[in-house]
Structure formats: structure tokens, C-alpha cells
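J.: requesting a structural model of the entry that follows:
(2 chains)
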Amino acid sequence: MSALVFLPLMVLVRIWEIFTRNALGQSSPWYGYVEGEALVLLILLSLAYAYSRDAHVRVDIVRERLSPRAQALIEIFGTLLFVLPFTAVVVFYGVQWVEAVAEFGGRSALALGQPLAWVIRAALPLGFALFALAALVALVRNVKVVLTKDGEPAPRAPPVNRDAGE
Amino acid sequence: MVEALPVMMLVCLALLLFSGLPVAIVLAGLGITFSLLGVALGEMPLLALYNVPIKMWGSISQGLTYAAVVMLLFMGVALEKSGVARDLLTCMQLVFRRVPGGLGLAVIVMGVVLAPAAGLVGASVVTLALIAMPSLLSNGYRPEYASGAIAAAGTVGVILPPAVMLFFLASQFQLTIGAMFLATVIPGGLLVAAYALYFVGAGWLRPPSKRAEDVMTPSTPVGWVQLLSRGLVAPLALVGLVLASITFGWATPRQSAAVGAAGGLVLVALNGRLNWAMFVDIVRSTALLCAMVFFIIIAAAVFSYPFVYFGGNDLITSALDSLETGPWGKLAVILGIIFVLGFFIDWIEITIIFLPLFLPTLSTLEFAGHVAFGNDATMLWMATLVALTLQTSFVTPPFGFALFFLKGASPEGVTLPHIYRGIIPVVALQVVVITLLLALPMLAVELPARVFGE
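T.: Residues are numbered from 1 along each chain as shown, chains lettered A, B, ... in the order given. Coordinates of the predicted model:
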């Protein structure tokens, strides 16, 4: 799964955080800046991974009484109506925003000691593009569940994307 | 037409949450749907959508304490995965073993010790659930009892000093942080005492189905010293260090949390359980928790953008001003609204986005006959009321979002109905304490007045 790419990346980010932490003795605004950016990177690049592991909170008081097939149908509607338009808007306008930051804010940001501001902001459209990918993978699985007759789970396709319980 | 949009947004939100789709996706999806609807109706320029990614970015990059949240989560996960936290719980269990419901009491104490450090409700509840839920269940406590204790312990920290929320409330109400801290000491203490009484009583009336495990009880005095120093003294020292450095201003919350995270890793190493696989495991679990918590914050920003744009805020202010119910009625309505908002969003959005809408109304309310010490004291009393109301709302079924975090972090066997049944007595205790505070403003005002003068 594409999301597994994140793990090494997150470990790197985390080591970087620990490094800045240990350097606290000679603290400067720069450490806070790196820490903040590392935090944002960590969050944005974990979103899709968490979605693929079904780690996002749900109100499952009604859901857990539905058949796998009904759950899959709801999930398909959710993906088509909410996830895809949302990620499309974020990626489309996010890319424009990153371009604007790279072009317009480049010089002033350099003066503030943040020359790579746009690279880090690029994680926003990137993170949600990956989120859309994870949603598409889940969509294919859910379509399979619905198409399998009488709601029998498709072979090797767990109902929805619940393959982790962490 | 445009006036109806914010109302429609709230109605759709309430309905769609029950679809079982991830909460963050419902929030973000509705935000985008209503933005597009606004564009289609000509109420919003298409260009306004350009602001969506910027708002999302701002929602996570401008929170001064979010890095602290991540690192305290890391500390919690490290303590949990390495068994250090279980040792802590075992020690408390040994300390409280003669007390009925001792493990529930241990969880409350842990909540008071651990939760103020976390600040964010979701983070506190998740951390406590990861640490204590498996122990409670394996000791034969009912899932209802276990989830009630954890939800109570995990949320009470948000109103006890040095909770981060109090900083935000103090700045909104233009109070000094010292006064705000002291104002919550007595009401918060009452709440903790009420929890402790209830969970001991419940444990006495319906004892756990299994006898408490005595496996860990050491046989020699040296064993006791080893267990206590490893399981109780070291983690308490770590958490105490984090708390003290925030309280006494030795370091910023972010730095203190970083020390906590590093210290957590050191404790893991001291227990001889640190290896690469463990490290990867801790990092991965932390990342999943972060994604879960912060996606909701990002999505709330997407939801509130069109909500505010369509005048949801002004709608609220003008509606409040048109009420003709006197100060008590207005206060009740505002607390009620904050209570409902607390179902959906964390105190961060409420104190930063919504509270300013109510403040013009709140500051004109006249309670001179009820609250001694004048105007500032009235504000202090109302700020404390807001804090307690928010905390209650986080744990009130069916929406209270601390409950969803609790569900997310609990093992498979714990269902939402278990959690709902377990939390009802806790909510009742909350209501009692809030009523007391409404009737007796002295509870909040007396201590700061004694310390700082009038």
C-alpha cells in the first residue's frame, strides 16, 4: 500500500524532532520553527496512512448494526460525495497556494530564515492527494463488497478498510 | 436564503455524524459541499475556495501547543508500549488494593497526575485509555465502569491547572492566569472528590468479577523497593518534572513536553525494553493517534470557514441580543450553546472562534447582587463556569467527543453503548458541581480573592 512509504519518513521526522529536543540547551527560534514544521509534516503525511488503517474516529453506534454491504454502500457514498470533492478542492487550490508562496513569498521568507517554506507547504496538497489515493483503494474494495452477491464478503477483501485495530 | 445556510449546516452535521463515516470526513465534506453550494447560489465567490487550504494549514501550524500535544502523546505511547505505565498502574493498585474499586480510584489519580500535562481532551483520554483500559478489563471491571472512570479522569485534567485551556480562557476574559488557575482549584477539587467517592462506591456495590491479580506483589522488601522505584517513583518524577517546569515557568510547554517525550524513551530504555522494533512501533502508533486527533482539527477549520462566511456567527450574536430573559436567562443560553458546541469541537475552536461572539453579551450581564468582589470576580466566575460546562459537554452522550476518542483507543470488546452507560453517573456528578458553582460563586472567587486581594 502506498501509505507504507510514510513510515520511514515519519521515523526520520521523529529523529529530527528528538535531535532538536536534545539541542534545547542552546535554544533559538530556529528550533521552534523546525519543530513546528516537523509537526505539520508528520500530521499531513500520516493522514492517508491512518485512513488506510481505519484509524479515524467514527460514530459507529448505528454503523455496527448494519450489514457489511450497507456499510460499504455508505462508505462509497461518503467517498464520492465528501472525500473526493474535498481532496480535489484541497489539492487544486493547495497547489496554487504553494506556487504563490514559492513565487511571491520566496524572497521575504528567505529574510526570515524560512527559505523552504513552500516545500513544506507542498505537504498539504501532497498529503491530501495521497489521502485521495487511499480513499480510491478503499472505494474499489467497497465496490467489490457491494457487487458480491447477497453481501457475502469478497474473497480477501475485508469489509470496508478495517484491517487494523490499533 | 443565506441566513438558512449555517442552520442547515448544523442540521446536516448532526444527522450525518450517525452515518458512521469518519467524523473528520463528515466535517470537511460538509464544509466543502456548503462552500460549493454558496458558490452555486452566488453567495460566495469561487475564489474564496482558495482560502480553504490556507485555513487548514493555519489550523495545525498556528496552535502554539500542538507540538507539545504530539510529544506528550509520544510519551504516553512509549510508557504504555513499554509497560512502564502498567507498572505505575500496578503500583497504584497495590497502594489502593484494600479499597473497593481501587483500580478505578487509581485511574482517577492517574488522570489528575497525567492529564493536565496533555491539555487537549482527546489526547488525555486516548493516553489514559491506552494505559488503563486493558488493566481494568483484565481485572474484571465492567467495560461501563472502566470507560466511565477513564472518561472522567481524562477530561477533568482540562480544567485543573496548569491546563492549557485555562490560558486561552484567561486571555479571552482578560483575567490574569494566576487568578484563573486558582479559581478552578476548588470546583475542580470538588469534582475529583465526587468522582473518587462514586467509583469507590460503585466498586463496593458491584465488585469486579475477578479477584485483583496479585501476580506482581513482590515477596521481599528489596523487590518492593525495585518495583516502586521503577513503577511509581520514576514515572511520577518524569510527569512531575514536566508539570513543574510548565507551572513554574522553567520552560515553555513545548520544551517541557519534549523533555517528557525524551524522558519516556529513557524510562523504556531503563526497563531494558528499548530496541528498534519497539521504537518503530511507538512512532507508528503515535503517528496514527496524531493523524486521528489533528484530522478533526483540520476538518473543523474546513467546516467553520463557510459557517462563519455565511454569517453563522452574527446570527448567534444578534439572536442573543434579542433575548429578553435577564442575566440568568442569557447566561443559561450561552452556557447551553457552549455545551452543544463542545459536542463537536475541542475547546480550542470554541474559545478562539465562538467565545468572542458571546463576550460582548457576557460582559454586560449584571450579577452584582450574586457575586461579591465586583466585576472582575463576575468574569472569573463565568470563565470557571465555561470551563466546567465545556468539560461536561466533552463527556455527555451521544456526541461528547471525548467518548469517541475513548472508543478509538479501547480494545475491540468495548462498544459505544458500554461507554454511554458508564458515563451517565459521571455527567450527573458534573451537573451537581456546576449547580453548586452557579449557586455559590464563592467557590471560584474566594481563593483568588484571598491570594491576590480584591
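J.: rest of the way, CA atoms for contacts and neighbours
T.: OK.
J.: what are the ranges of the helices in chain A?
T.: Ranges of helices in chain A, per DSSP state H, are A:6-22, A:29-52, A:68-78, A:84-104, A:106-111, A:117-121, A:123-147.
J.: so for B:Ile424, which of these sits nearest?
T.: Using C-alpha to C-alpha as the measure, helix A:68-78 is the one of the helices of chain A that comes nearest B:Ile424, at 28.8 Å.
J.: hmm, back to that, would you reformat the helices of chain A as a markdown table and include mean pLDDT and distance to B:Ala287?
T.: As requested, those are arranged in a markdown table below (pLDDT from 0 to 100; distance: least, C-alpha to C-alpha, whole Å):
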| stretch | mean pLDDT | distance to B:Ala287 |
| --- | --- | --- |
| helix A:6-22 | 54 | 8 |
| helix A:29-52 | 72 | 6 |
| helix A:68-78 | 87 | 24 |
| helix A:84-104 | 85 | 21 |
| helix A:106-111 | 52 | 29 |
| helix A:117-121 | 75 | 18 |
| helix A:123-147 | 87 | 14 |
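J.: quick one: closest of those helices to B:Val283.
T.: helix A:6-22 (6.7 Å).
J.: which residue comes closest to residue 101 once chain neighbours are left out?
T.: Just so you know, I chose chain A. Nearest non-adjacent residue to A:Val101, counting by C-alpha to C-alpha, 6 or more residues apart in numbering or on different chains: A:Trp118, 5.7 Å away.
J.: could you do chain B instead?
T.: Closest to B:Gly101 by C-alpha to C-alpha, 6+ apart is B:Gly203, at 3.8 Å.
J.: what about B:Leu355, distance to B:Ala444?
T.: 20 Å (C-alpha to C-alpha, to the nearest Å).
J.: pick out whichever of the two has more residues nearby.
T.: Counted by other C-alpha atoms under 10 Å in any protein chain shown, B:Leu355 and B:Ala444 do not tie: B:Ala444 has more neighbours, with 29 against 19.
J.: look up phi and psi at the more buried one.
T.: Backbone torsions of B:Ala444, given as degrees, to the nearest 10, read phi -90, psi -40.
J.: touching, the residue nearest to A:Val101 and A:Val98? I think so.
T.: Yes: at 5.5 Å, A:Trp118 counts as touching A:Val98 under the criterion of C-alpha atoms under 8 Å.
J.: quick one, which of the two is more surrounded?
T.: The neighbour count for A:Trp118 versus A:Val98, taken as other C-alpha under 10 Å, is higher for A:Val98 (23 against 19).
J.: how about the contacts made by the more buried one?
T.: Residues near A:Val98 by C-alpha atoms under 8 Å, 6 or more residues apart in numbering or on different chains: A:Trp118, A:Val119, A:Arg121, A:Ala122.
J.: next one: B:Ala202
T.: B:Gly101.
J.: and it, how far from chain A?
T.: 26 Å (C-alpha to the nearest C-alpha, to the nearest Å).
J.: tell me which element that residue is part of?
T.: helix B:177-205 (DSSP states H and E).
J.: now that helix: how far from the chain's centre is it?
T.: What separates the centre of helix B:177-205 from the centre of its chain is 15 Å, taken as C-alpha atoms, centre = their mean, to the nearest Å.
J.: so which elements touch the helix or strand just after that helix?
T.: Per DSSP H and E, the first helix or strand lying C-terminal to helix B:177-205 is helix B:221-228. On a contact count with 3 or more C-alpha pairs under 8 Å, 6 or more residues apart in numbering or on different chains; DSSP states H and E, helix B:221-228 meets helix B:84-95.
J.: kind regards, and thank you for your time.
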